[in-house]
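Just the structure for this:
(2 chains)
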Amino acid sequence: MDCSYFCERINLYIDGELGYLEVAELQQHLSFCPDCAAELAQVGAVRGALAAWGRLELAPPSGFSERVMTAVELEPAPGAPKPFGQAVDDALQKLDDTLGRIPLPGGRTIPVKNVIGWSLAVAAVAIGLGRRRGRRPRELTPL
Amino acid sequence: MTASNPHKWASLPDPSSAELARAAEGDAQAFKLIVERYQGMVYSVAYNVLGNHTDAEDAAQEAFLRCYRKLSQFRSEATFSTWLFRLALTASVDYKRRERHHPEPVEAPELAADAVPQLGEGVDAATIVAALHDLPEDYRVPTVLRDVYGLPYQEIADATGRPLGTVKVMVHRGRASLRLRLRAEGAGPDQGPAGARPRSDA
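Numbering: from 1, shown residues only, chains lettered A, B, ... in the order given. This next block holds a predicted model:
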């Protein structure tokens, strides 16, 4: 079988996304294909290096915590009345956390709060247009 | 370059519930202790997602501001460090989606402690930073989220607003690109059998 077929499967194998039979098929191929075996080792090494990198802690720039605290001190105290916009945003975020996301075709998902926002915007435009249509045309007075 | 202790932030004891309560009530001194304890972790996440110091500092600051605003919502179902780690990831991905990228020359960041990090055969911090820096923008974030931080694909798709299949393809291509880059630098395991043919990585 063509190596490119197995080449694609190496990533799925590493991610644990292959079924039992697919794993057996790949392992059989790896047992006699040094190219694919080397590729598996290299991709595994890349993942290992990235994971090890992710466990390291970088030093933040000097004065970073002071700058954060300066910004924090400009924030309203927790529990103080929030500005209207932030209160609405928090309420939508809570709704979003509660209701989750809506799946779309193709594997995409959208947050519920976006759907609510769009629905409100469409409703506002529809109401505005409706009112405009219902209004009598202005009569022109003769000069 | 100085180096660091792997899992340092994960092994830090969480702030006590009394410390968290004081910070949630607006005690600046209590919140400052949290910032000082976790700044390395938050900054590291932001740097790895965004790839440059300017954006990383902005996003890390945003993560701490979100933490301050939402601290009263923290429930001890997760550890505080895990909760803050997720806030830092979300703030960094949101920053990436919202702001223009600031191109900067690649510059290996300073690490936080004193041990030389072992990243793999022939792989050092500068090699990893340069390889991630050279990844195409579209591949970088999904690859970092998946392979540096181990997020599930579905969570990456939700965070980045991209379809699940697209995210998987981006990660696979990101890995292929990194593999070629590290191999060119002579890093990693066995370079393959003598005479092995080059493989296309699309």
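
Helices along chain B, start to end?
Per DSSP state H, chain B carries helices over the ranges B:8-11, B:17-24, B:28-50, B:53-70, B:80-98, B:125-134, B:137-143, B:153-160, B:164-184.

who's in contact with the residue nearest in space to the middle of chain B?
Nearest to the geometric centre of chain B sits B:Val45, at 3.2 Å (CA atoms, centre = their mean). By CB atoms under 8 Å, 6 or more residues apart in numbering or on different chains, B:Val45 lies in contact with B:60, B:63, B:85, B:88-89, B:92, B:149. C-beta: built from backbone N, CA, C; applies to glycine.

Would you mind giving me the confidence score for B:Leu119?
B:Leu119 carries a pLDDT value of 62.

cool, and B:His101?
63.

can you put the contacts of B:Val45 in CSV and add pLDDT and distance to chain A?
Below are the contacts of B:Val45 laid out as CSV (pLDDT from 0 to 100; distance: CB to the nearest CB, whole Å):
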residue, pLDDT, distance to chain A
B:Ala60, 96, 7
B:Ala63, 96, 9
B:Phe85, 91, 11
B:Ala88, 94, 12
B:Leu89, 92, 11
B:Ser92, 93, 13
B:Tyr149, 91, 5
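
Can you tell me which of those residues has the most neighbours?
B:Ala60 (31 neighbours; other CB atoms under 10 Å in any protein chain shown).

quick one: which helix or strand includes A:Glu75?
Counting by DSSP states H and E, there is no helix or strand that carries A:Glu75.

So it versus A:Phe64, what's the distance?
A:Glu75 sits 17 Å away from A:Phe64 when distances are taken as CB to CB, to the nearest Å.

How about B:Tyr38?
11 Å.

and if you look at B:Val148?
Note on B:Val148: its distance to A:Phe64, by CB to CB, is 21 Å.

quick one: the worst-scoring helix or strand of chain A on mean pLDDT to chain centroid distance?
Least confident element among the helices and strands of chain A, by mean pLDDT, DSSP states H and E: helix A:84-99 (a mean of 72). Chain-centre distance of helix A:84-99: 17 Å, with CA atoms, centre = their mean, to the nearest Å.

Buried residues, it. List them.
Residues of helix A:84-99 classed as buried by neighbour count (16 or more other CB atoms under 10 Å in any protein chain shown): A:92, A:96.

what does stretch B:72-79 give?
Within stretch B:72-79, the residues scored as buried using 16+ other CB under 10 Å are B:Phe74.

So is that stretch next to chain A?
Yes: judged by CB under 8 Å from any CB of the partner chain, stretch B:72-79 comes into contact with chain A at B:Ser72.

Would you map out the domains in chain B?
For chain B, the structural domains run B:1-116, B:118-189, going by automatic domain parsing.
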